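*Asks:* A structural model of the following input is requested.
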Amino acid sequence: LNFTQTSIKLNSMDLLSRGFNAVLGGERGTEGDRDETTAGVVEKLCLRLTTSTLIQDRRDAMRALRSLSQSEEDYRVEVGAQALSHIVSCLEERDPELCQLTLEAILGLIGTPGRSELNLTFSEIVLKQTEVVGRIVEVSTGGDIHRQLAGIRVIRALTHNARERVQECLLSSPGAMSHLMDLLDTQDIVRNEVLLVLSGVCLDNPQIQKLIAFESGFDRLLGIIETEGCLSGGVISQDCLQICLSLLSSNSSNQSIFREGPYTVSLRGILLDATVSDTTRGWDQDRTQNALLTLKLIRVLCSPDNPLSASQQARASFRRGGLLAPLFNLMLSGTVPADLLTETILTVAEVIWGQSQSQEELSRAEMPSSGAQSKLAIETLLVCMLNDKQAQQMRLACLYALQGYLVSNLANQQDLLSTLLPSSSDTDTPAPTTGRLLLAGLFGRDPVTCWCSSVLLVSALESREAREELLRVQLSTGRGQGSLVAMICQKVRDQMLEPLKQSGLLCLLSVWVHNCPTGAAILLRDQHFTDH
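*Replies:* Numbers count the residues shown, from 1 in each chain. Predicted coordinates for the structure are as follows:
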């Protein structure tokens, strides 16, 4: 829909000429005098705009300039060169109609598709005065929807052409961000334009990010997502999630606001929407993208790049807020696209990292099954990691989740190592299978499987007792029983061993013998290994 008021149709140059004649009086010259006529028309309109005392005359002049700014390039160039500074000065007027015409004229000069060089040049002229952006926001906050749309679209075009300068202007204008945020509470069509503006102005600017957060930005954005139907909200939910992600990335102040606020409940609602078993909805592109953004939003709060205390607080908040159950359900549902499943597994890894209670909840999670016996989530992750038919990105995500399950949890580490040892009881339990799978991966043909198995075992060797325990593992060989460490040493000496396998096994040996005299002694007794 075109909400601008148009009084001159541009269907033909003749009709345009007659319109200007009505405004300026007199006749246009011939086509051969076009350049001079163009400059003369713009010059007369500028004179009328700046000297007329009647507001209606000024409106007519601005209306003509607006039409010229939206017409052929030679007219746009003349308007930009001669009249743009005069047009911008009219933003100080209190007449609502004149302000709307002014905004539409500016938009015609800086927001025309396919004219990037002209748009950039004219945007620089508009932004010479720092207070102009604040004035545009102020003009847009009141009045009817047409003026609001015109003002927001001007700011959006300016942000696209000169984002850093617009950010400076917003920070220099008291109340500009507050007025801009208030427009989120207006009609949907205006709100949607404001979302596009916010997604641009908050990029790489911590000060504006803080201002948006202080103006109840998270409440408003998450409220819009809920109103639009969470993941089914299409591009509107996507814009809101992207803005939230920009507000939180590398911004410790905003992360603190989010952690301490009631926003975990909103994230839980979005995840619950993701786990709804509605076959008629499925996973179209928009739903998948919105789910991915939600998971990235969770990950940015508990990222290893954050200070340890901040990440641990976020993880504890997620556990208290009930995020674990829908996360686990999404991971184990078996119906999500591969890229979304990979991101979900990575999110699970970072949410449970170093949190014993969360790790315990994962150990109890089960794959949904119609049979009598369900499969534990940990076993499913291990099988996926060792399966060379799976995508490598998926396998590494499973390794990361299993590391998150083991890190700083000596009990879980001991449980894993115990499956490597022979057991005289509990033969029906699946625990020994875990150990056999790991050992098979360690000495299998696939380099990625060997490397993943080595790294996972490294994660279980945090304590000296665990390293000593692993020395008890014996393997059957053609010549009887052999220790695991001796078998690994023999494998490393193989000249034909792939580099990835060799690096994984050497990594395992390095961690294993560290602060473990018994293991170090075994290595030193193997002369062939030390020579190698």
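*Asks:* count of neighbours near residue 44?
*Replies:* 17 (other C-beta atoms under 10 Å). C-beta here means a position set from N, CA and C on the backbone, and glycine is covered the same way.
*Asks:* so which helix or strand takes in it?
*Replies:* helix 34-51 (DSSP states H and E).
*Asks:* chain center to that helix: distance?
*Replies:* 48 Å (C-alpha atoms, centre = their mean, to the nearest Å).
*Asks:* packing partners for the very next helix or strand once past that helix?
*Replies:* Later in the chain than helix 34-51, the nearest helix or strand by DSSP H and E is helix 55-69. Helix 55-69 is packed against helix 13-24, helix 34-51, helix 73-78, helix 96-110, with contacts defined by 3 or more C-beta pairs under 8 Å, 6 or more residues apart in numbering; DSSP states H and E.
*Asks:* let me see the ranges of the strands in the chain.
*Replies:* Using DSSP state E, the strands found in the chain span residues 474-477, 480-483.
*Asks:* comparing these by mean pLDDT, which bottoms out?
*Replies:* When the strands of the chain are compared by mean pLDDT, strand 480-483 comes last with a mean of 72.
*Asks:* partner strands of that strand and their direction?
*Replies:* Next to strand 480-483 in the sheet, as set by DSSP bridges, lie strand 474-477 (antiparallel).
*Asks:* list the buried residues of the helix holding residue 44.
*Replies:* Neighbour counts over helix 34-51 (16 or more other C-beta atoms under 10 Å) mark 37, 38, 40, 41, 42, 44, 45, 46, 48, 49 as buried.
*Asks:* tell me the mean pLDDT for it?
*Replies:* When pLDDT is averaged over helix 34-51, the result is 86.
*Asks:* so which elements touch that helix?
*Replies:* So helix 34-51, by 3+ C-beta pairs under 8 Å, 6+ apart, packs with helix 13-24, helix 55-69, helix 73-78, helix 84-89.
*Asks:* picking up where we left off before, to residue 210, which of the helices and strands packed on helix 55-69 lies closest?
*Replies:* Ranking the helices and strands packed on helix 55-69 by proximity to residue 210 (C-beta to C-beta) places helix 96-110 first, at 28.1 Å.
*Asks:* and the closest one, C-alpha only, in CSV?
*Replies:* The C-alpha trace of helix 96-110 is given here as CSV (Å, rounded to 0.1, in the frame of the first residue of the first chain):
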residue,chain,number,x,y,z
PRO,A,96,1.7,18.4,10.3
GLU,A,97,1.0,18.2,6.6
LEU,A,98,4.1,20.1,5.7
CYS,A,99,6.2,17.8,7.9
GLN,A,100,4.7,14.8,6.2
LEU,A,101,5.4,16.1,2.8
THR,A,102,9.0,16.9,3.9
LEU,A,103,9.6,13.4,5.1
GLU,A,104,8.2,11.9,1.9
ALA,A,105,10.5,14.2,-0.2
ILE,A,106,13.5,13.2,1.8
LEU,A,107,12.6,9.5,1.4
GLY,A,108,12.4,9.9,-2.3
LEU,A,109,15.9,11.2,-2.4
ILE,A,110,17.6,8.8,0.0
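*Asks:* buried ones in it?
*Replies:* 97-110.
*Asks:* from those, pick the one nearest residue 527.
*Replies:* Nearest to residue 527 out of these is residue 110 (C-beta to C-beta; 77.3 Å).
*Asks:* test my guess that residue 399 contacts residue 455.
*Replies:* Yes. Using C-beta atoms under 8 Å, residue 399 makes contact with residue 455 at a distance of 6.3 Å.
*Asks:* the two - which one has more neighbours?
*Replies:* Higher neighbour count among residue 399 and residue 455: residue 399, with 24 against 19, using other C-beta under 10 Å.
*Asks:* who's in contact with that one?
*Replies:* Shown in contact with residue 399 (C-beta atoms under 8 Å, 6 or more residues apart in numbering): 385, 452, 455, 456.
*Asks:* do the same with residue 283
*Replies:* Taking C-beta under 8 Å, 6+ apart as the test, what residue 283 contacts is 291, 335, 336, 337, 340.
*Asks:* ok, back up a step: mean pLDDT lowest for which of the helices and strands packed on helix 34-51?
*Replies:* Taking the mean pLDDT of the helices and strands packed on helix 34-51, helix 13-24 comes last: a mean of 44.
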